[in-house]
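[1] Build me a model from this:
(one chain, ligands or ions: 3)
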Amino acid sequence: MLDRSAVDILLLDDEPFILKLHARMLSDLGFGSSRAFESGALALADLNRGPDPHLILLDLSMPGMDGIQFIKHLVQRNYAGGLVLVSGEDKRLLQTAARLVAAHGLAVVGHLAKPVTPAQLRPLLEEWERGSGGTRRHPGKLYTREEIEAGIRNQEMVTHYQPKISIKTGEVVGVESLTRWQHPMDGLVLPGLFIGIAERSGLIEELTWLTMNQALTDRTDLARAGCPLQVSINVSASLLTSLEFPGLAAAATLRASAVPQDIVFEVTESEFIADPRAPLEVLTRLRLMRFGLSIDDFGTGYSSLSQLRDIPFGELKIDQSFVHLASSDATARAIYDASLGLAKNLNMKTVAEGVEDRPDWDLVRSTECDEAQGYLIARPMPVSDLPGWKEHWLTRRKTEFGFA
Ligand code: C2E
Ligand code: CA
Ligand code: CA
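    Ligands and ions are numbered 1, 2, ... in the order given. Model prediction:
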(Lines give C-alpha, C1' and ligand atoms only; values in the text may rest on other atoms or scores of the structure.)
(Ligands and ions follow the chains in the order given, each with its own letter.)
Protein backbone atom coordinates (compact mmCIF):
# COMPACT_ATOMS: atom_id res chain seq x y z
CA MET A 1 0.00 0.00 0.00
CA LEU A 2 1.15 3.41 -0.94
CA ASP A 3 2.17 5.83 1.77
CA ARG A 4 -0.14 8.71 0.97
CA SER A 5 1.71 11.17 3.11
CA ALA A 6 4.76 10.74 0.86
CA VAL A 7 2.91 11.46 -2.37
CA ASP A 8 3.94 14.73 -3.95
CA ILE A 9 1.09 16.50 -5.74
CA LEU A 10 1.12 19.68 -7.82
CA LEU A 11 -2.07 21.72 -8.15
CA LEU A 12 -2.57 24.23 -10.94
CA ASP A 13 -5.65 26.40 -11.22
CA ASP A 14 -6.06 30.13 -11.79
CA GLU A 15 -8.61 30.41 -9.00
CA PRO A 16 -6.99 30.55 -5.54
CA PHE A 17 -10.24 29.43 -3.97
CA ILE A 18 -10.29 26.23 -6.02
CA LEU A 19 -6.65 25.57 -5.14
CA LYS A 20 -7.48 25.78 -1.46
CA LEU A 21 -10.47 23.54 -1.93
CA HIS A 22 -8.48 20.88 -3.75
CA ALA A 23 -5.61 21.02 -1.27
CA ARG A 24 -8.10 20.57 1.53
CA MET A 25 -9.75 17.57 -0.10
CA LEU A 26 -6.40 15.92 -0.69
CA SER A 27 -5.29 16.42 2.86
CA ASP A 28 -8.64 15.04 4.08
CA LEU A 29 -7.87 11.94 2.00
CA GLY A 30 -4.55 11.57 3.77
CA PHE A 31 -2.29 12.92 1.06
CA GLY A 32 0.66 14.74 2.47
CA SER A 33 2.16 17.55 0.56
CA SER A 34 0.63 19.45 -2.26
CA ARG A 35 2.07 22.52 -3.94
CA ALA A 36 -0.39 24.96 -5.43
CA PHE A 37 0.14 27.42 -8.29
CA GLU A 38 -2.08 30.01 -9.87
CA SER A 39 -0.40 30.09 -13.24
CA GLY A 40 1.34 27.73 -15.63
CA ALA A 41 4.46 29.88 -15.58
CA LEU A 42 4.78 29.62 -11.80
CA ALA A 43 4.18 25.87 -11.88
CA LEU A 44 6.82 25.41 -14.57
CA ALA A 45 9.32 27.44 -12.63
CA ASP A 46 8.69 25.13 -9.69
CA LEU A 47 9.09 22.01 -11.86
CA ASN A 48 12.44 23.32 -13.04
CA ARG A 49 13.66 23.53 -9.47
CA GLY A 50 13.23 19.93 -8.34
CA PRO A 51 11.99 16.42 -9.09
CA ASP A 52 8.65 16.03 -10.84
CA PRO A 53 5.62 15.48 -8.63
CA HIS A 54 3.90 12.11 -8.61
CA LEU A 55 0.63 13.65 -9.65
CA ILE A 56 -0.64 16.88 -11.19
CA LEU A 57 -4.17 18.22 -10.91
CA LEU A 58 -4.48 20.53 -13.89
CA ASP A 59 -7.17 23.06 -14.65
CA LEU A 60 -7.56 23.20 -18.44
CA SER A 61 -8.98 26.66 -18.83
CA MET A 62 -6.76 29.35 -17.45
CA PRO A 63 -5.85 32.75 -18.80
CA GLY A 64 -2.27 33.16 -20.00
CA MET A 65 -0.78 29.70 -20.41
CA ASP A 66 -3.80 27.41 -20.59
CA GLY A 67 -3.92 23.74 -19.67
CA ILE A 68 -3.25 22.61 -23.23
CA GLN A 69 -0.06 24.64 -23.40
CA PHE A 70 0.97 23.39 -20.01
CA ILE A 71 0.53 19.80 -21.21
CA LYS A 72 2.83 20.56 -24.13
CA HIS A 73 5.48 21.64 -21.64
CA LEU A 74 4.97 18.41 -19.70
CA VAL A 75 5.46 16.45 -22.91
CA GLN A 76 8.68 18.31 -23.64
CA ARG A 77 9.98 17.50 -20.20
CA ASN A 78 8.99 13.81 -20.54
CA TYR A 79 6.86 14.12 -17.44
CA ALA A 80 6.21 10.58 -16.21
CA GLY A 81 3.85 11.14 -13.31
CA GLY A 82 0.06 11.02 -13.34
CA LEU A 83 -2.20 13.74 -14.66
CA VAL A 84 -5.73 14.60 -13.60
CA LEU A 85 -7.52 16.95 -15.99
CA VAL A 86 -9.98 19.35 -14.41
CA SER A 87 -12.38 21.25 -16.60
CA GLY A 88 -15.44 23.45 -16.58
CA GLU A 89 -18.30 22.82 -18.94
CA ASP A 90 -16.19 22.97 -22.11
CA LYS A 91 -16.21 19.33 -23.09
CA ARG A 92 -14.28 19.99 -26.27
CA LEU A 93 -11.30 21.43 -24.46
CA LEU A 94 -11.22 18.23 -22.45
CA GLN A 95 -11.31 16.21 -25.67
CA THR A 96 -8.46 18.19 -27.17
CA ALA A 97 -6.46 17.71 -24.01
CA ALA A 98 -7.24 14.00 -23.88
CA ARG A 99 -6.12 13.57 -27.49
CA LEU A 100 -2.96 15.52 -26.90
CA VAL A 101 -2.15 13.57 -23.81
CA ALA A 102 -2.85 10.20 -25.43
CA ALA A 103 -0.82 11.13 -28.50
CA HIS A 104 2.18 11.74 -26.31
CA GLY A 105 1.71 8.79 -24.01
CA LEU A 106 1.26 10.83 -20.84
CA ALA A 107 -0.48 8.99 -18.04
CA VAL A 108 -3.93 10.44 -17.56
CA VAL A 109 -5.42 9.28 -14.33
CA GLY A 110 -8.79 10.69 -15.28
CA HIS A 111 -10.73 13.88 -15.58
CA LEU A 112 -12.96 15.78 -13.22
CA ALA A 113 -15.67 18.30 -13.92
CA LYS A 114 -15.89 21.39 -11.76
CA PRO A 115 -16.97 21.68 -9.05
CA VAL A 116 -14.82 18.78 -7.93
CA THR A 117 -16.21 16.85 -4.99
CA PRO A 118 -14.47 14.41 -2.64
CA ALA A 119 -16.84 11.72 -3.93
CA GLN A 120 -15.39 12.19 -7.43
CA LEU A 121 -11.80 12.59 -6.36
CA ARG A 122 -11.52 9.59 -4.03
CA PRO A 123 -12.21 6.73 -6.50
CA LEU A 124 -9.97 8.33 -9.09
CA LEU A 125 -7.03 8.50 -6.73
CA GLU A 126 -7.65 4.98 -5.50
CA GLU A 127 -7.58 3.77 -9.07
CA TRP A 128 -4.33 5.62 -9.59
CA GLU A 129 -2.82 4.03 -6.48
CA ARG A 130 -3.78 0.57 -7.66
CA GLY A 131 -2.09 1.27 -10.98
CA SER A 132 1.35 2.69 -11.00
CA GLY A 133 0.58 5.28 -8.34
CA GLY A 134 3.63 6.85 -6.88
CA THR A 135 6.14 5.01 -9.01
CA ARG A 136 6.44 7.80 -11.62
CA ARG A 137 5.71 5.30 -14.37
CA HIS A 138 3.08 5.15 -17.09
CA PRO A 139 0.17 2.93 -16.17
CA GLY A 140 -2.22 1.30 -18.59
CA LYS A 141 -1.76 0.00 -22.10
CA LEU A 142 0.83 1.75 -24.16
CA TYR A 143 2.17 0.24 -27.32
CA THR A 144 5.88 -0.41 -27.33
CA ARG A 145 8.29 0.44 -30.08
CA GLU A 146 8.59 -3.28 -30.86
CA GLU A 147 4.82 -3.67 -31.24
CA ILE A 148 4.57 -0.68 -33.53
CA GLU A 149 7.54 -1.89 -35.52
CA ALA A 150 5.89 -5.29 -35.93
CA GLY A 151 2.69 -3.56 -37.01
CA ILE A 152 4.59 -1.72 -39.73
CA ARG A 153 6.40 -4.87 -40.82
CA ASN A 154 3.17 -6.88 -40.96
CA GLN A 155 1.56 -4.17 -43.06
CA GLU A 156 -1.11 -3.45 -40.46
CA MET A 157 -0.93 0.32 -40.92
CA VAL A 158 -3.75 1.67 -43.05
CA THR A 159 -4.58 5.12 -44.32
CA HIS A 160 -8.05 6.60 -44.02
CA TYR A 161 -9.22 9.81 -45.62
CA GLN A 162 -11.40 12.64 -44.37
CA PRO A 163 -12.86 15.02 -46.98
CA LYS A 164 -12.62 18.80 -46.90
CA ILE A 165 -15.28 20.89 -48.58
CA SER A 166 -15.57 24.46 -49.79
CA ILE A 167 -17.83 26.42 -47.45
CA LYS A 168 -18.99 28.67 -50.28
CA THR A 169 -19.87 26.03 -52.86
CA GLY A 170 -20.08 22.76 -50.95
CA GLU A 171 -17.66 21.22 -53.42
CA VAL A 172 -15.21 18.56 -52.25
CA VAL A 173 -11.77 20.13 -52.42
CA GLY A 174 -9.50 17.52 -50.96
CA VAL A 175 -8.92 14.83 -48.36
CA GLU A 176 -6.65 14.54 -45.33
CA SER A 177 -4.88 11.23 -44.86
CA LEU A 178 -5.04 9.88 -41.32
CA THR A 179 -3.11 6.80 -40.30
CA ARG A 180 -4.74 3.93 -38.44
CA TRP A 181 -3.39 0.64 -37.17
CA GLN A 182 -5.44 -2.42 -38.01
CA HIS A 183 -4.28 -4.31 -34.94
CA PRO A 184 -4.85 -8.11 -35.00
CA MET A 185 -6.11 -8.18 -31.40
CA ASP A 186 -7.16 -4.62 -30.56
CA GLY A 187 -9.01 -3.69 -33.75
CA LEU A 188 -8.64 -0.32 -35.42
CA VAL A 189 -6.25 1.74 -33.30
CA LEU A 190 -6.33 5.53 -33.67
CA PRO A 191 -3.09 7.47 -34.19
CA GLY A 192 -3.28 9.07 -30.74
CA LEU A 193 -2.13 5.75 -29.30
CA PHE A 194 0.93 5.19 -31.46
CA ILE A 195 2.09 8.30 -33.34
CA GLY A 196 3.59 9.94 -30.27
CA ILE A 197 5.49 6.78 -29.36
CA ALA A 198 6.62 6.37 -32.96
CA GLU A 199 7.88 9.95 -32.86
CA ARG A 200 9.89 9.41 -29.72
CA SER A 201 11.30 6.02 -30.69
CA GLY A 202 12.56 6.87 -34.13
CA LEU A 203 9.85 5.06 -36.08
CA ILE A 204 7.99 8.11 -37.30
CA GLU A 205 10.05 8.51 -40.44
CA GLU A 206 9.28 5.04 -41.67
CA LEU A 207 5.63 5.45 -40.73
CA THR A 208 5.34 8.79 -42.52
CA TRP A 209 6.84 7.46 -45.74
CA LEU A 210 4.51 4.51 -45.57
CA THR A 211 1.51 6.83 -45.26
CA MET A 212 2.82 9.19 -47.87
CA ASN A 213 3.39 6.47 -50.45
CA GLN A 214 0.01 4.96 -49.71
CA ALA A 215 -1.67 8.35 -50.04
CA LEU A 216 0.12 9.03 -53.32
CA THR A 217 -0.94 5.67 -54.76
CA ASP A 218 -4.52 6.11 -53.58
CA ARG A 219 -4.66 9.61 -55.03
CA THR A 220 -3.53 8.36 -58.43
CA ASP A 221 -6.07 5.51 -58.36
CA LEU A 222 -8.83 7.92 -57.42
CA ALA A 223 -7.88 10.37 -60.15
CA ARG A 224 -7.88 7.55 -62.71
CA ALA A 225 -11.34 6.55 -61.47
CA GLY A 226 -12.57 10.09 -62.16
CA CYS A 227 -12.23 11.42 -58.61
CA PRO A 228 -9.21 13.74 -58.57
CA LEU A 229 -8.53 15.18 -55.12
CA GLN A 230 -5.76 17.04 -53.40
CA VAL A 231 -4.34 14.96 -50.54
CA SER A 232 -3.08 16.41 -47.26
CA ILE A 233 -0.46 14.49 -45.31
CA ASN A 234 0.50 15.03 -41.66
CA VAL A 235 4.22 15.42 -41.23
CA SER A 236 5.91 15.33 -37.84
CA ALA A 237 8.38 18.06 -37.11
CA SER A 238 11.30 15.67 -36.84
CA LEU A 239 11.11 14.91 -40.56
CA LEU A 240 11.44 18.57 -41.36
CA THR A 241 14.88 18.76 -39.83
CA SER A 242 16.19 16.53 -42.59
CA LEU A 243 17.40 18.51 -45.57
CA GLU A 244 16.81 15.44 -47.73
CA PHE A 245 13.08 15.52 -47.15
CA PRO A 246 12.11 17.82 -50.05
CA GLY A 247 14.07 15.81 -52.62
CA LEU A 248 12.67 12.51 -51.37
CA ALA A 249 9.14 13.89 -51.34
CA ALA A 250 9.52 15.17 -54.88
CA ALA A 251 10.82 11.80 -56.06
CA ALA A 252 7.98 9.89 -54.39
CA THR A 253 5.45 12.27 -55.95
CA LEU A 254 6.94 11.80 -59.39
CA ARG A 255 6.98 8.01 -59.00
CA ALA A 256 3.25 8.10 -58.29
CA SER A 257 2.60 10.16 -61.44
CA ALA A 258 1.49 13.08 -59.30
CA VAL A 259 2.64 16.70 -59.20
CA PRO A 260 3.51 18.60 -56.01
CA GLN A 261 0.35 20.71 -56.39
CA ASP A 262 -1.63 17.54 -55.60
CA ILE A 263 -0.05 17.27 -52.15
CA VAL A 264 -0.32 19.40 -49.01
CA PHE A 265 1.93 18.85 -46.01
CA GLU A 266 0.31 19.62 -42.66
CA VAL A 267 2.68 20.71 -39.91
CA THR A 268 2.06 21.62 -36.31
CA GLU A 269 4.23 24.63 -35.90
CA SER A 270 4.69 24.51 -32.16
CA GLU A 271 6.75 21.37 -32.58
CA PHE A 272 9.81 22.98 -34.07
CA ILE A 273 9.99 26.02 -31.92
CA ALA A 274 13.27 24.82 -30.39
CA ASP A 275 15.36 25.35 -33.49
CA PRO A 276 13.44 26.48 -36.54
CA ARG A 277 16.41 26.88 -38.88
CA ALA A 278 16.39 23.50 -40.65
CA PRO A 279 12.57 23.29 -40.83
CA LEU A 280 12.51 26.79 -42.24
CA GLU A 281 14.80 25.77 -45.07
CA VAL A 282 12.96 22.49 -45.68
CA LEU A 283 9.55 24.15 -45.75
CA THR A 284 10.74 26.92 -48.03
CA ARG A 285 12.18 24.38 -50.46
CA LEU A 286 8.96 22.37 -50.42
CA ARG A 287 7.03 25.53 -51.19
CA LEU A 288 9.38 26.40 -54.06
CA MET A 289 8.71 22.94 -55.46
CA ARG A 290 4.98 23.87 -55.37
CA PHE A 291 3.92 21.52 -52.58
CA GLY A 292 1.12 22.91 -50.46
CA LEU A 293 1.94 23.76 -46.83
CA SER A 294 -0.62 23.90 -44.09
CA ILE A 295 -0.27 24.94 -40.48
CA ASP A 296 -2.24 22.50 -38.36
CA ASP A 297 -4.05 22.87 -35.02
CA PHE A 298 -3.71 26.64 -35.19
CA GLY A 299 -4.37 28.35 -31.88
CA THR A 300 -3.33 25.53 -29.57
CA GLY A 301 0.42 26.04 -29.51
CA TYR A 302 2.91 28.82 -29.56
CA SER A 303 2.17 29.72 -33.14
CA SER A 304 3.95 33.01 -33.27
CA LEU A 305 3.34 35.77 -35.71
CA SER A 306 6.96 35.94 -36.74
CA GLN A 307 7.02 32.29 -37.71
CA LEU A 308 3.83 32.65 -39.67
CA ARG A 309 5.49 35.48 -41.49
CA ASP A 310 8.73 33.58 -42.10
CA ILE A 311 7.31 30.28 -43.27
CA PRO A 312 5.45 30.14 -46.57
CA PHE A 313 2.30 28.40 -45.38
CA GLY A 314 -0.56 28.58 -47.85
CA GLU A 315 -3.23 27.23 -45.53
CA LEU A 316 -4.16 27.63 -41.88
CA LYS A 317 -6.26 25.01 -40.09
CA ILE A 318 -8.08 26.42 -37.10
CA ASP A 319 -8.04 23.88 -34.31
CA GLN A 320 -11.29 22.08 -33.71
CA SER A 321 -11.55 23.16 -30.10
CA PHE A 322 -11.96 26.80 -31.17
CA VAL A 323 -14.28 25.99 -34.05
CA HIS A 324 -16.57 23.99 -31.84
CA LEU A 325 -16.57 26.41 -28.93
CA ALA A 326 -16.87 29.52 -31.07
CA SER A 327 -20.65 29.43 -31.23
CA SER A 328 -21.02 29.45 -27.44
CA ASP A 329 -17.83 30.88 -25.98
CA ALA A 330 -16.69 34.47 -26.53
CA THR A 331 -12.97 33.75 -26.02
CA ALA A 332 -12.99 30.87 -28.47
CA ARG A 333 -14.90 33.05 -30.91
CA ALA A 334 -12.30 35.79 -30.55
CA ILE A 335 -9.48 33.35 -31.28
CA TYR A 336 -11.41 31.94 -34.22
CA ASP A 337 -12.00 35.42 -35.69
CA ALA A 338 -8.44 36.52 -35.05
CA SER A 339 -7.11 33.41 -36.80
CA LEU A 340 -9.29 34.12 -39.83
CA GLY A 341 -8.17 37.75 -39.94
CA LEU A 342 -4.53 36.81 -39.61
CA ALA A 343 -4.76 34.25 -42.40
CA LYS A 344 -6.53 36.70 -44.66
CA ASN A 345 -3.85 39.33 -44.09
CA LEU A 346 -1.14 36.83 -44.89
CA ASN A 347 -3.01 35.57 -47.93
CA MET A 348 -3.59 32.12 -46.53
CA LYS A 349 -6.56 29.86 -47.10
CA THR A 350 -8.46 28.90 -43.95
CA VAL A 351 -9.86 25.53 -42.95
CA ALA A 352 -12.17 25.01 -39.98
CA GLU A 353 -11.42 21.64 -38.40
CA GLY A 354 -13.86 19.52 -36.42
CA VAL A 355 -17.12 20.84 -37.86
CA GLU A 356 -19.11 18.34 -35.94
CA ASP A 357 -22.69 19.56 -35.73
CA ARG A 358 -25.16 22.11 -37.05
CA PRO A 359 -24.13 25.01 -34.78
CA ASP A 360 -20.53 24.51 -35.94
CA TRP A 361 -21.63 24.60 -39.55
CA ASP A 362 -23.86 27.65 -39.09
CA LEU A 363 -20.98 29.44 -37.45
CA VAL A 364 -18.37 28.70 -40.14
CA ARG A 365 -20.92 29.50 -42.82
CA SER A 366 -21.50 32.92 -41.28
CA THR A 367 -17.77 33.76 -41.42
CA GLU A 368 -15.17 34.21 -44.14
CA CYS A 369 -13.62 30.78 -43.60
CA ASP A 370 -12.86 28.97 -46.87
CA GLU A 371 -13.11 25.27 -46.12
CA ALA A 372 -14.58 22.90 -43.58
CA GLN A 373 -13.70 19.43 -42.37
CA GLY A 374 -15.42 17.38 -39.70
CA TYR A 375 -17.79 14.61 -38.71
CA LEU A 376 -20.86 16.54 -39.90
CA ILE A 377 -19.50 16.31 -43.43
CA ALA A 378 -17.72 12.97 -43.20
CA ARG A 379 -15.74 10.79 -40.84
CA PRO A 380 -12.35 9.49 -41.97
CA MET A 381 -12.93 6.48 -44.25
CA PRO A 382 -11.06 3.89 -46.31
CA VAL A 383 -10.20 5.02 -49.82
CA SER A 384 -12.68 2.56 -51.32
CA ASP A 385 -15.55 4.42 -49.63
CA LEU A 386 -14.62 7.83 -51.03
CA PRO A 387 -16.33 7.68 -54.45
CA GLY A 388 -19.58 6.42 -52.88
CA TRP A 389 -19.41 9.04 -50.16
CA LYS A 390 -18.86 11.77 -52.76
CA GLU A 391 -21.91 10.66 -54.72
CA HIS A 392 -24.01 10.76 -51.56
CA TRP A 393 -22.56 14.12 -50.56
CA LEU A 394 -23.62 15.71 -53.84
CA THR A 395 -27.23 14.97 -52.85
CA ARG A 396 -26.78 15.93 -49.20
CA ARG A 397 -25.22 19.26 -49.99
CA LYS A 398 -28.44 20.25 -51.76
CA THR A 399 -31.00 18.69 -49.44
CA GLU A 400 -29.29 19.25 -46.09
CA PHE A 401 -26.90 22.13 -46.71
CA GLY A 402 -28.90 24.26 -49.13
CA PHE A 403 -26.33 24.50 -51.93
CA ALA A 404 -27.61 24.88 -55.47
P1 C2E B 1 -5.20 16.15 -36.85
O2 C2E B 1 -4.19 16.31 -37.93
O3 C2E B 1 -5.67 17.38 -36.16
O4 C2E B 1 -6.42 15.37 -37.50
C5 C2E B 1 -7.76 15.61 -37.23
C6 C2E B 1 -8.27 14.68 -36.16
O7 C2E B 1 -9.57 15.12 -35.77
C8 C2E B 1 -8.45 13.24 -36.65
O9 C2E B 1 -8.23 12.40 -35.54
C10 C2E B 1 -9.91 13.24 -37.05
O11 C2E B 1 -10.48 11.95 -37.06
C12 C2E B 1 -10.50 14.09 -35.97
N13 C2E B 1 -11.76 14.73 -36.38
C14 C2E B 1 -12.15 15.06 -37.62
N15 C2E B 1 -13.36 15.65 -37.63
C16 C2E B 1 -13.77 15.70 -36.34
C17 C2E B 1 -14.96 16.18 -35.69
O18 C2E B 1 -15.90 16.69 -36.31
N19 C2E B 1 -15.00 16.07 -34.34
C20 C2E B 1 -14.00 15.52 -33.62
N21 C2E B 1 -14.14 15.43 -32.30
N22 C2E B 1 -12.87 15.03 -34.19
C23 C2E B 1 -12.75 15.13 -35.55
P24 C2E B 1 -7.29 11.12 -35.64
O25 C2E B 1 -7.47 10.43 -36.94
O26 C2E B 1 -7.49 10.35 -34.38
O27 C2E B 1 -5.84 11.74 -35.67
C28 C2E B 1 -5.30 12.37 -34.55
C29 C2E B 1 -3.99 13.04 -34.89
O30 C2E B 1 -2.96 12.11 -35.19
C31 C2E B 1 -4.07 13.94 -36.10
O32 C2E B 1 -4.65 15.17 -35.72
C33 C2E B 1 -2.62 14.05 -36.50
O34 C2E B 1 -1.98 15.05 -35.77
C35 C2E B 1 -2.05 12.71 -36.08
N36 C2E B 1 -1.84 11.86 -37.25
C37 C2E B 1 -2.75 11.12 -37.92
N38 C2E B 1 -2.15 10.46 -38.95
C39 C2E B 1 -0.85 10.83 -38.93
C40 C2E B 1 0.29 10.51 -39.75
O41 C2E B 1 0.23 9.75 -40.71
N42 C2E B 1 1.47 11.10 -39.40
C43 C2E B 1 1.59 11.97 -38.37
N44 C2E B 1 2.76 12.50 -38.10
N45 C2E B 1 0.54 12.29 -37.58
C46 C2E B 1 -0.66 11.73 -37.86
CA1 CA C 1 -3.84 17.36 -39.66
CA1 CA D 1 -5.59 19.44 -36.80
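[2] Excluding covalently adjacent residues, which one is nearest to Gly354?
    Closest residue to Gly354 apart from its sequence neighbours, by CB to CB, 6 or more residues apart in numbering: Gln320 at 2.4 Å. Where you see a C-beta, it was placed from the backbone N, CA and C, and this is true even at glycine.
[3] Distance check, that neighbour against ligand 1.
    6 Å (CB to the nearest ligand atom, to the nearest Å).
[4] same check, this time on Asn347
    Noted for Asn347: a distance of 23 Å to ligand 1, by CB to the nearest ligand atom.
[5] Next, give phi and psi for that residue.
    Note on Asn347: backbone dihedrals following degrees, to the nearest 10 are phi 60, psi 40.
[6] same deal with Ile165?
    In terms of degrees, to the nearest 10, the main-chain angles of Ile165 are phi -120, psi 160.
[7] cool, and Ile377?
    Torsion angles, degrees, to the nearest 10, at Ile377: phi -90, psi -50.
[8] same question, the one 5 residues further on
    Backbone geometry at Pro382, expressed as degrees, to the nearest 10, gives phi -60, psi 150.
[9] re the thing from before, I figured the residue nearest to Gly354 was touching Leu376, is that so?
    No. The criterion here is CB atoms under 8 Å, and Gln320 misses it with Leu376 at 11.7 Å.
[10] In terms of neighbours, single out the busier of those two.
    Ranked by neighbour count (other CB atoms under 10 Å), Gln320 and Leu376 place Gln320 first, with 24 against 18.
[11] sorry, back to before: show me the contacts for the residue nearest to Gly354.
    Arg92, Thr96, Glu353, Gly354, Glu356, Gly374 (CB atoms under 8 Å, 6 or more residues apart in numbering).
[12] nearest residue to the first one other than its sequence neighbours?
    In this case it means Arg92. The nearest residue in space to Arg92 (CB to CB, 6+ apart) is His324, at 4.5 Å.
[13] which secondary structure elements does the longest helix seen in the chain contact?
    Determined from DSSP state H, the single longest helix within the chain is helix 204-224. Judged by 3 or more CB pairs under 8 Å, 6 or more residues apart in numbering; DSSP states H and E, the packing partners of helix 204-224 are helix 145-153, strand 157-166, strand 172-183, helix 195-200, strand 230-234, helix 245-255, strand 263-267.
[14] So which of the ones you listed is nearest Leu112?
    helix 195-200 (23.6 Å; CB to CB).
[15] Is the closest one positioned near ligand 2?
    No. Contact between helix 195-200 and ligand 2 is absent, the nearest approach being 11.0 Å (criterion: CB under 5 Å from the ion).
[16] ok so, going back, pull the distance from the longest helix of the chain to the chain's centre.
    Relative to the centre of its chain, helix 204-224 is centred 21 Å away, using CA atoms, centre = their mean, to the nearest Å.
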